[in-house]
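In: Got a predicted model here, sequence first, then my questions.
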Amino acid sequence: MKRFFIIPAAFALLLTACSEDEDQTEAEEAASGASNLEVRDDPSEITEDTVEDDSSEYEYPLTGLPADNEEAAAERPVAVTINNHPDARPQSGLNQADVVYEMLAEGEVTRMVALYQSEWPEVFGPVRSARDYHIDVARGFDSVFVTHGGSPSALSRLGAGEIPSLNGLHYEGTLFEREAHRQAPHNSYISADHLEEGIREEGIEQERAINSLSFSEDEPDVSSSEAFEAEITYPQGQYNVTYTFDETEEAYMRSSDGDETVDERTSERIGAENIFIMSASHNVIDDEGRRDISLQEGGRGYLLRGGEMYDVDWINQDGRLVPAVEGEEVPLAPGQTWVNVLNAPLGEVVEITDEESL
């Protein structure tokens with residue numbers, strides 16, 4: 001039987017009025033630099049006492065870790081657009097995401113799409129507005145898409161039903177709530193119970209046959225070099241990212257603008273077993289600086305796992321962006337994955353350092 005837990009909320013959710021279109025704040029950002037939902041367990045906490053004897057037959061498709069049962073492994077992913085503005089940090093729930101994509105938006109800010117399948121946090125957020133490429137990422141995993149607003153093109157696609165979605169523009173003050181300790185647009189959150197409620201209200205199917213990412217405990221049969229730390233430079237320094245390998249955790253711990261990335265409610269340090277850094281073509285498409293990111297053509301990538309960097313390509317495999325060599329998918333280490341999609345040749349914006357050189 002699946003074991004569940006509820007993390008106590010650190011503070012109450014208070015509703016505040018916000019009628020302003022969230023996308024109007026992008027230029028300012030650049031200038032300023034279910035009912036009693038049973039929240040799923042952290043797979044890393046599963047022990048022999050809490051897992052059925054046959055649980056090893058099943059794996060979560062986005063982490064490769066043991067699943068409680070077949071039903072748990074088939075639960076539909078949820079993709080949440082997460083705000084990464086400095087005023088939105090630290091965020092809530094990123095520590096429990098299976099896969100996180102970090103991508104540029106207008107104003108040279110970055111925004112995230114966090115995928116949840118193996119577990120949900122109690123609260124997700126701050127939730128921010130969507131762009132077309134966020135929808136593309138979510139569709140690749142047949143996800144339920146969660147956003148608060150969007151670009152005109154993204155809203156058109158959501159309105160046409162391209163992907164099942166919950167939008168804070170339609171559920172302001174009901175499913176989505178504004179927290180008083182932050183200013184809009186950096187304070188929109190959705191709780192796990194409200195997310196479950198919205199999925200039920202919209203009649204969204206919650207079970208899906210999910211194509212698993214490729215995982216292996218074994219090191220890939222690909223040439224590699226030591227990678228103790230990776231530094232990613234973005235146009236705005238507030239969004240620079242550092243991943244540092246922790247041998248005890250066997251994961252890369254994340255920092256942003258020199259500060260450790262932690263969960264707002266638990267203060268848990270955030271890291272991932274896999275860091276996938278890829279370069280893709282970006283084109284500005286309107287006067288607001290919105291971008292088109294080409295996620296079809298493939299390109300160069302770095303895969304970091306186990307303290308090693310593997311020089312790979314990235315390919316679009318049925319809508320999912322995966323590392324590959326000569327067209328064959330390179331397996332990830334079982335666990336969580338962070339993906340950084342960059343707008344420059346990797347050698348110009350990514351610095352890989354071995355332990356001895358630090």
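Out: Structure's in. What do you need?

In: Dump the C-alpha coordinates for stretch 65-85 into CSV.
Out: Taking Å, rounded to 0.1, in the frame of the first residue of the first chain, the C-alpha atoms of stretch 65-85 are listed here in CSV:
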residue,chain,number,x,y,z
LEU,A,65,13.3,4.9,-9.1
PRO,A,66,11.1,2.1,-7.6
ALA,A,67,7.4,2.8,-7.7
ASP,A,68,4.9,1.5,-5.1
ASN,A,69,2.8,-0.2,-7.7
GLU,A,70,1.6,-0.2,-11.3
GLU,A,71,-1.0,2.5,-10.6
ALA,A,72,1.6,4.9,-9.1
ALA,A,73,3.9,4.4,-12.1
ALA,A,74,1.0,5.3,-14.5
GLU,A,75,-0.2,8.6,-12.9
ARG,A,76,-0.2,11.4,-15.4
PRO,A,77,2.6,14.0,-15.0
VAL,A,78,1.8,17.6,-14.0
ALA,A,79,3.9,20.4,-15.5
VAL,A,80,4.0,23.7,-13.6
THR,A,81,5.4,27.0,-14.9
ILE,A,82,7.5,28.3,-12.0
ASN,A,83,8.7,31.9,-11.5
ASN,A,84,12.4,32.3,-11.1
HIS,A,85,12.7,36.1,-10.7
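
In: Once you drop chain neighbours, what's closest to Ala344?
Out: Ser279 (6.5 Å; Cβ to Cβ, 6 or more residues apart in numbering). Backbone N, C-alpha and C define where each C-beta goes, glycine included.

In: That neighbour and Asn340, how far apart?
Out: Distance of Ser279 to Asn340, computed by Cβ to Cβ, to the nearest Å: 10 Å.

In: Scan this structure for its longest strand.
Out: strand 308-317 (DSSP state E).

In: Of all the residues in the next helix-or-strand element following that one, which ones are buried?
Out: Sequence order places strand 320-325 as the next helix or strand after strand 308-317, per DSSP states H and E. Buried residues in strand 320-325, defined by neighbour count with 16 or more other Cβ atoms under 10 Å: Arg320, Leu321, Val322, Pro323, Ala324, Val325.

In: Beta-bridge partners for the third one, please?
Out: Just to be clear, that refers to Val322. Beta-bridge pairing of Val322 under DSSP bridges involves Ile315.

In: Wait, it touches Trp314, no?
Out: Yes - the pair Val322 / Trp314 is scored as a contact, 6.9 Å apart, by Cβ atoms under 8 Å.

In: Count residues in the vicinity of the nearest residue to Glu57 once chain neighbours are set aside, would you?
Out: Among residues not flanking Glu57 along the chain, Glu70 sits closest, at 7.9 Å (Cβ to Cβ, 6+ apart). Look at Glu70: counted by other Cβ atoms under 10 Å, it has 11 neighbours.

In: Quickly note the distance from Glu70 to Ser267.
Out: 35 Å.

In: quick revisit: next one: the residue nearest to Ala344, what pLDDT does it get?
Out: Note on Ser279: pLDDT of 97.

In: Mind giving me the packing neighbours of the longest strand of the chain?
Out: The helices and strands touching strand 308-317, judged by 3 or more Cβ pairs under 8 Å, 6 or more residues apart in numbering; DSSP states H and E, are strand 224-226, strand 299-305, strand 320-325.

In: What's the end-to-end length of stretch 290-308?
Out: 35 Å (Cα to Cα, to the nearest Å).

In: ignore the last one, stretch 322-330
Out: Termini of stretch 322-330 sit 8 Å apart (Cα to Cα).

In: Check stretch 310-326 too.
Out: 13 Å.

In: Contacts made by that stretch with the rest, please.
Out: 101, 136-137, 139-141, 211, 213-214, 220, 222-224, 276, 278, 280, 295-304, 327, 329-330, 332, 339, 341 (Cβ atoms under 8 Å, 6 or more residues apart in numbering).

In: and what of stretch 95-102?
Out: Against stretch 95-102 from outside (Cβ under 8 Å, 6+ apart): 42, 60, 62-63, 77, 82, 84, 94, 110-121, 134, 137, 213, 241, 262-263, 266, 268, 270, 272, 321, 336-341.

In: is it true that the residue nearest to Ala344 touches Gly299?
Out: Yes - under the criterion of Cβ under 8 Å, Ser279 makes contact with Gly299 at 5.1 Å.

In: So those two - more neighbours on which side?
Out: For the pair Ser279 and Gly299, the greater number of neighbours falls to Ser279 (21 against 18), based on other Cβ under 10 Å.
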